[in-house]
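S.K.: Here's a sequence, model it:
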Amino acid sequence: QVQLVESGGGLVQPGGSLRLSCAASGFGVESYTIGWFRQAPGKEREGVSCLSSADGSAYYAASVKGRFAISRDYANNTVYLQMNSLKPEDTAVYYCATGLWSYCTSTALQVPDTWGQGTQVTVSS
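M.R.: Residues are numbered from 1 along each chain as shown. Below you'll find the predicted structure:
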């Protein structure tokens, strides 16, 4: 059974950093394309980053490019989202997702069918 579990969220001051983890089970992170999404209160869910299993290419939303970095750890079967220079507008629940037929576009992971439970990130002074 494919499962994803996020962790690493919390409260951080503007300009600070957090690293989110997405621990996978039931599959290897090297085999599936995985993406991160976020949803702020009153807003639609948006794609943040995507890591392709085909060639290892990484994609980022314009709002986070240069500040966030996605990576995968084969030994721990985990995908990470390193978030630096955090801003109040980054406040949201962050989710990782994947799917058997998922792929990345410049905007987000497409065709996800498995989601984690989410982790809250709050950027505030």
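S.K.: Would you mind confirming that residue 61 is in contact with residue 109?
M.R.: No: in this structure, residue 61 sits apart from residue 109 without contact. The criterion is Cβ atoms under 8 Å, and the distance is 11.4 Å. Placement of C-beta: from N, CA and C, glycine included.
S.K.: shared neighbours of those two, anything?
M.R.: When contacts are counted by Cβ atoms under 8 Å, 6 or more residues apart in numbering, residue 61 and residue 109 have residue 47 as shared neighbours.
S.K.: The two: who's more crowded?
M.R.: For the pair residue 61 and residue 109, the greater number of neighbours falls to residue 109 (25 against 18), based on other Cβ atoms under 10 Å.
S.K.: If you count contacts, what does the helix or strand of the chain with the lowest mean pLDDT end up packed against?
M.R.: Ranked by mean pLDDT, DSSP states H and E, the helix or strand of the chain with the weakest confidence is strand 109-110, at a mean of 92. Contacts of strand 109-110 with other secondary structure elements, assessed using 3 or more Cβ pairs under 8 Å, 6 or more residues apart in numbering; DSSP states H and E, are made with strand 34-39, strand 103-104.
S.K.: right, so these: which one is the most enclosed?
M.R.: Comparing the helices and strands packed on strand 109-110 by mean neighbour count (mean count of other Cβ atoms under 10 Å), strand 34-39 ranks first with a mean of 24.
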